[in-house]
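**Student:** make a model of this:
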Amino acid sequence: MSKYIYSLLILFLCASCSTEKNEPSTTTTETVYFPPISGTTWETKTIASLGWKQDAVQPLLDYLALKNSKSFIVLVNGRIVMENYFNGHSATTNWYWASAGKTLTATLTGIAEQEGYLNTNNKVSDYIGAGWTSLPLAKENLITNKHLLAMTSGLEDINNGDAVDPASLTYKADAGTRWAYHNVYVKLQDVVAKATNQTWNTYFNTKLRDKIGMDGTWFQSGNNSVYASTTRSMARFGLLMSNKGKWKNTVVLNENYSNASANTSQNINLAYGYLWWLNGKASYHLPQSQLQFSGSIIPTAPNDMYMALGKNDQKIYIVPSKKMVVIRMGDAADNVNLALSDFDNILWQKINALY
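**Tutor:** Numbers count the residues shown, from 1 in each chain. Presented below is the predicted three-dimensional model:
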């Protein structure tokens, strides 16, 4: 019996050693670093210091270059591990976020709520007045700010989700009963502006952009409001959200709202929070579709990852378990203008190979 117990002990110790060896060093208790609000200083960490595989770096960079990327950043605990630019892009070049910028609108809505200007459970018309859709008043009054955050307004997508004038916003279902990807979320910018009695740009710059040292600006693209910035500014926002809305010792966005943003917001599309996409759920819907698919959106990526995804493969990936933020900006990876494509799966195979 003693020999049997001894053998079990050896097996247990070997298994423990193997687990420690394979555990990525991104799970350390190292403190989170935040770059200064101004200037170009940003602490870095090397691939070697993390125990990652140097020979996996070049295949990743080759793939990014092949897939029309313009920039790529990996942060671990806030420190830059990789920062690469392609095809003439540079650290000082602005690029558009496309729908990845929806998360900026969600964040500023939460800031306005924590400052007492609005309540996300209240109806949209409380702030911008009745008649902002073509719905009968009783149906329009069902639509709350939270429905816009969760993409469950019930409004018909008659112009590919682009137009948001009243005539284009028609009834499809009662609010809260149908998930559909739609640019009507942009009405939250009007809600914030009316509630705070400030312009959207002024409130955004004061309460978010300038507090974490971002650059960039909003511009109109059709009926949509789009943000453009440097890649490091996108990384700053990713770092803020990965730290649950806190920048160093300053609460920019409260933790409760940050957590709600990064968790399922309704029971129709489990993979959607407050304008954030969620990996690792049992099922998901895709933009422009009412089909439900089983499994995780990006099977090769960590299950706890949440994402800001934009047209032509603009990406913010946040992985809490690895204390990691990954940014990709560029043109469409496969000449398809979808926010989500097979590019994500292969990219994460390449990233996984690092560790």
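
**Student:** the closest residue to G213 other than its chain neighbours: how many residues sit nearby?
**Tutor:** Leaving out its chain neighbours, the residue that sits closest to G213 by Cβ to Cβ, 6 or more residues apart in numbering is I37, at 3.9 Å. Just so you know, the C-beta spots here come from the backbone N, C-alpha and C atoms, and that holds for glycine as well. I37: 13 surrounding residues under other Cβ atoms under 10 Å.

**Student:** what about I37, distance to T92?
**Tutor:** Using Cβ to Cβ, to the nearest Å, I37 is found at 17 Å from T92.

**Student:** next one: G116
**Tutor:** Distance from G116 to T92, by Cβ to Cβ: 38 Å.

**Student:** same question, W277
**Tutor:** Remark: distance between W277 and T92 (Cβ to Cβ) = 29 Å.

**Student:** specify which residue of these two has the higher count of neighbours.
**Tutor:** Set W277 next to T92 and count neighbours by other Cβ under 10 Å: W277 wins out with 28 against 11.

**Student:** just the pLDDT for the more buried one.
**Tutor:** The model reports W277 with a pLDDT of 98.

**Student:** contacts only, for it.
**Tutor:** Residues in contact with W277, defined by Cβ atoms under 8 Å, 6 or more residues apart in numbering, are A271, I297, Y306, M307, A308, L309, L340.

**Student:** go with 7 Å
**Tutor:** Contact partners of W277, counting by Cβ atoms under 7 Å, 6 or more residues apart in numbering, are A271, I297, Y306, M307, L309.

**Student:** need the helices for the protein, in chain order.
**Tutor:** Using DSSP state H, the helices found in the chain span residues 2-22, 47-50, 57-66, 102-114, 125-128, 137-140, 145-150, 187-196, 200-204, 210-212, 231-242, 255-261, 342-352.

**Student:** out of those helices, which comes closest to N223?
**Tutor:** For the helices of the chain, proximity to N223 was assessed by Cβ to Cβ; helix 187-196 is nearest, at 10.9 Å.

**Student:** please state the offset of the closest one from the chain centre?
**Tutor:** Centroid separation between helix 187-196 and its chain, computed with Cα atoms, centre = their mean, to the nearest Å, is 21 Å.

**Student:** what do you get for stretch 346-355?
**Tutor:** On the basis of Cα atoms, centre = their mean, stretch 346-355 sits 19 Å off its chain's mean C-alpha point.

**Student:** contact partners for the nearest residue to E113 once chain neighbours are set aside?
**Tutor:** The shortest distance from E113 to any non-neighbouring residue, by Cβ to Cβ, 6+ apart, is to T120 (5.6 Å). Listed by Cβ under 7 Å, 6+ apart, the contact partners of T120 are T109, E113, T144, N145, K146, L149.

**Student:** check the gap between the third one and Y185 for me.
**Tutor:** Counting by Cβ to Cβ, the gap between T144 and Y185 amounts to 13 Å.

**Student:** between the two, which one's more packed in?
**Tutor:** A side-by-side neighbour count of T144 and Y185, using other Cβ under 10 Å, places Y185 first with 25 against 21.

**Student:** surely that one meets L104?
**Tutor:** No. Assessed by Cβ atoms under 7 Å, Y185 is found out of contact with L104, at 11.1 Å.

**Student:** give me the pLDDT for Q58.
**Tutor:** 98.

**Student:** now do Q266
**Tutor:** For Q266, the predicted pLDDT is 98.

**Student:** please name the nearest non-neighbouring residue to it.
**Tutor:** Leaving aside its sequence neighbours, Q266 is closest to A150 (4.8 Å, by Cβ to Cβ, 6+ apart).

**Student:** identify the residues contacting the one you found.
**Tutor:** S265, Q266, Y272, Y274.

**Student:** and the contacts of stretch 108-117?
**Tutor:** Outside stretch 108-117, the residues that touch it by Cβ under 7 Å, 6+ apart are 118-120, 145, 149, 188, 192, 195-196, 203-204, 207-208, 252-254, 257, 261.

**Student:** isn't S233 right up against D215?
**Tutor:** Yes. Using Cβ under 7 Å, S233 makes contact with D215 at a distance of 5.1 Å.

**Student:** thought I73 was touching Y85, still the case?
**Tutor:** No. Taking contacts as Cβ under 7 Å, Y85 lies outside contact range of I73: 9.6 Å.
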